[in-house]
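Participant: after the sequence you'll find the predicted model.
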Amino acid sequence: MLYRALLLLFVVGALLTFMLDRSMRTYSVHAVLSGSMGHAAPTGSLIVTKRSPVTSYQVGDIVTFPLPSSPKQTVTHRIVRMSSTVQGSIVQTKGDANPNGDGWSVPAAYLQGKVMLVVPLLGYWCMALQSAIGYILFALVTLLLIVLPLAVASIRELKHRPS
């Protein structure tokens, strides 16, 4: 029974990590790397975001967007203020655990999605799987979880078979 639960955990982690392409899908998956969102998205959580129309965002939504100073990195914070400009809607964000708002404003068009699901601790698995050693360990453990029960069942069957 335990091996089935572990196998399921590994399969879900693999699917979330490798099958969901962040740029092509309605849903994207991110690992939380810092404690800036406090209890809403603790460090090591896996978050699932859903692309949404720009007009659907509201104050209070937790959103993911590219870090203005390093666009290849993403930030997940709560919208604390929205305003309209000639260029479109602008949002100001803040991490729930941070004392002050972020030092930047983000065009709403840059938002990658609203957080729909937070799974504590699963983000650690996904981060580990992105390293070569983590991937190899994942493959070995998954193989063991599949092969070991089959081998044990085969041995039991052989022992109980009449000679």
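Facilitator: Perfect, thanks for sending it. Residues are numbered from 1 along each chain as shown.

Participant: so Ile136, which of the three states?
Facilitator: Of the three states, Ile136 takes helix according to DSSP: H, G, I helix; E, B strand; the rest coil.

Participant: now the one 4 residues further on
Facilitator: In the three-state summary, Leu140 is assigned as helix, counting by three-state DSSP.

Participant: neighbours of it, how many?
Facilitator: 10 (other C-beta atoms under 10 Å). C-beta here means a position set from N, CA and C on the backbone, and glycine is covered the same way.

Participant: show the pLDDT at it.
Facilitator: If you check Leu140, the pLDDT there is 84.

Participant: could you do Val11 as well?
Facilitator: Val11 is given a pLDDT of 69.

Participant: look at the nearest residue in space to Gln112 that is not next to it in sequence and report its pLDDT.
Facilitator: Sequence neighbours aside, Thr64 is the residue nearest to Gln112 in space, at 4.7 Å (criterion: C-beta to C-beta, 6 or more residues apart in numbering). At Thr64, the predicted lDDT confidence score is 95.

Participant: wait, a strand at Thr64?
Facilitator: Yes - counting by three-state DSSP, Thr64 is part of a strand.

Participant: quick one: contacts for it?
Facilitator: Ser28, His30, Ile47, Thr49, Thr74, Val75, Thr76, Leu111, Gln112, Gly113, Val115 (C-beta atoms under 8 Å, 6 or more residues apart in numbering).
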